[in-house]
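Chemist: Sharing a model that was predicted from the sequence below.
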Amino acid sequence: MAAVLKLDQFSLLDDSSCDARIIAAKAILGKRLAILGHHYQRDEVFKHADYSGDSLKLSQQAANSDAEFIVFCGVHFMAEVADILTFGERKVILPDLAAGCSMADMANLVKVRKCWEEISQVIDPDQTVTPVTYINSAADLKAFCGNHGGIVCTSSNAKAVLQWSFARREKVLFFPDQHLGRNTGYRMGIPLDQMVTWDFMKPRGGLTEDQIRNAKIILWKGFCSVHQMFQPAHIDNFRKANPKGKVISHPENAMEVCEKSDFVGSTEYILRTVRASQPGDHWLVGTELNLVNRLADEMKPKGVQVQFMSPTVCMCSTMFRTDPQHLAWVLDNLVAGQIVNQIRVPQNIADPARKALDLMLEVVD
């Protein structure tokens, strides 16, 4: 077996050289390999994906894949999900281990356990609260949900997951993204005063006992840094210039942005909606830059204009870490019989996390 190829051998290669290596490696590995590419990936990597999608779609693809090697061009929590849903029977690889998620990092097991304990000083959470974690979270938080009768959600099925949760218990603890929870709950008719924000930096989340007792949803004070770049003023300016234009936003945006939007939904929903538009339509899209640029290029020949919501560049910096150099490096190592950057979730975490993920897949909206 050949020695492991070092990353520094690839770091100085130009993209075209990496492209050639990636194409050659894919040809050699054939059906043993599946490359999954999240919509937020840079074009130079995205073009090599065998399957593309948002978190939910790629999670399902991972679960259904027969490939021996799954190279996940995304971020760490996505690769963990792929490993969990394939029962560790596939070799799941993350090209750059530093590709994380700042939102996911805002909630960890220590903080969530402390939250649960502090809630238990007011009410019995195991009887009254369903923990719901956004898929953008670490595996041990998904396991926490699995161990406490909870579930995972994505932006595609958050409404269905909350409906499932409320059918079982009267309250929900939603983490780590407050905006997805608030936007979804509000559109389900839950009053804002029954959705309180748990500030994990403050004792008992900065909430009174009455606020905890009266809450339907306890929202973790987390957010996506990319989607916080979009502001209501961006929409106001667009509508002044384009009175007949349409606005579509991802539910990770602040509520003020979503309320001014004509449509709100997941990445896949945004793609479906814009692709179904008519010639002459003009869209303002509030989600990650790489996706919007690709969609704009796709729709331009059809006479549809797609515009990025923010006047400043904002992309997912952790997604951007996966480049052609890292992808070529992991694939050349696979050809040489070496596995680098494999993601493995310990069984004591994977089993309860899988329970919560399986529930999510059962209630897909």
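Modeler: All right, it came through fine. Numbering: from 1, shown residues only.
Chemist: quick one, strands of the stretch 201-350 of the chain?
Modeler: Ranges of strands within the stretch 201-350 of the chain are 217-220, 246-249, 263-264, 282-286, 305-308, based on DSSP state E, counting those that start in this stretch.
Chemist: is it possible to export these to a markdown table including mean pLDDT, distance to Ala24 and mean neighbour count?
Modeler: Quick note: C-beta positions are derived from backbone N, CA and C, even for glycine. Shown next, in a markdown table, are these (pLDDT from 0 to 100; distance: least, Cβ to Cβ, whole Å; neighbours: other Cβ atoms under 10 Å):
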| stretch | mean pLDDT | distance to Ala24 | mean neighbour count |
| --- | --- | --- | --- |
| strand 217-220 | 98 | 45 | 25 |
| strand 246-249 | 98 | 39 | 22 |
| strand 263-264 | 98 | 42 | 18 |
| strand 282-286 | 98 | 36 | 25 |
| strand 305-308 | 97 | 34 | 19 |
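Chemist: Same list, the ones you listed, but as a markdown table with distance to Leu361 please.
Modeler: Output for these, formatted as a markdown table (distance: least, Cβ to Cβ, whole Å):
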| stretch | distance to Leu361 |
| --- | --- |
| strand 217-220 | 22 |
| strand 246-249 | 26 |
| strand 263-264 | 23 |
| strand 282-286 | 27 |
| strand 305-308 | 31 |
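Chemist: Kindly state which of the ones you listed is positioned closest to Ile235.
Modeler: strand 246-249 (5.4 Å; Cβ to Cβ).
Chemist: Pairing partners for the closest one, with directions?
Modeler: Strand 246-249 pairs in its sheet with strand 263-264 (parallel), strand 282-286 (parallel), by DSSP bridges.
Chemist: Just put those in a markdown table and tack on distance to Glu209.
Modeler: Converted to a markdown table, the strands paired with strand 246-249 look like this (distance: least, Cβ to Cβ, whole Å):
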| stretch | distance to Glu209 |
| --- | --- |
| strand 263-264 | 33 |
| strand 282-286 | 37 |
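Chemist: quick one: low-confidence parts of this structure?
Modeler: 1, 313-317, 319-320, 364-365 (pLDDT under 70).
Chemist: switch to 90 and redo it
Modeler: Under the criterion pLDDT under 90, the flagged ranges of the chain are 1-4, 39-42, 53-65, 88, 99-105, 156, 224-226, 228, 311-321, 361-365.
Chemist: For Asp210, the count of nearby residues, please.
Modeler: By the criterion of other Cβ atoms under 10 Å, Asp210 has 9 neighbours.
Chemist: I misspoke; the intended subject was Ala62.
Modeler: 24.
Chemist: which parts of the one helix or strand it maps to are buried?
Modeler: With elements taken from DSSP states H and E, the one containing Ala62 is helix 55-64. Buried residues in helix 55-64, counted by 16 or more other Cβ atoms under 10 Å: Ser55, Leu56, Lys57, Leu58, Ser59, Gln61, Ala62, Ala63.
Chemist: Now the fourth one. Nearest residue, chain neighbours left out?
Modeler: Closest residue to Leu58 in three dimensions, ignoring its sequence neighbours and counting by Cβ to Cβ, 6 or more residues apart in numbering: Leu36, at 4.9 Å.
Chemist: In TSV: the buried residues of helix 55-64, plus distance to Phe263.
Modeler: Output for the buried residues of helix 55-64, formatted as TSV (distance: Cβ to Cβ, whole Å):
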residue	distance to Phe263
Ser55	19
Leu56	18
Lys57	19
Leu58	23
Ser59	24
Gln61	25
Ala62	28
Ala63	29
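Chemist: Tell me where the stretch 1-150 of the chain has strands.
Modeler: 33-38, 51-53, 69-73, 91-93, 129-134.
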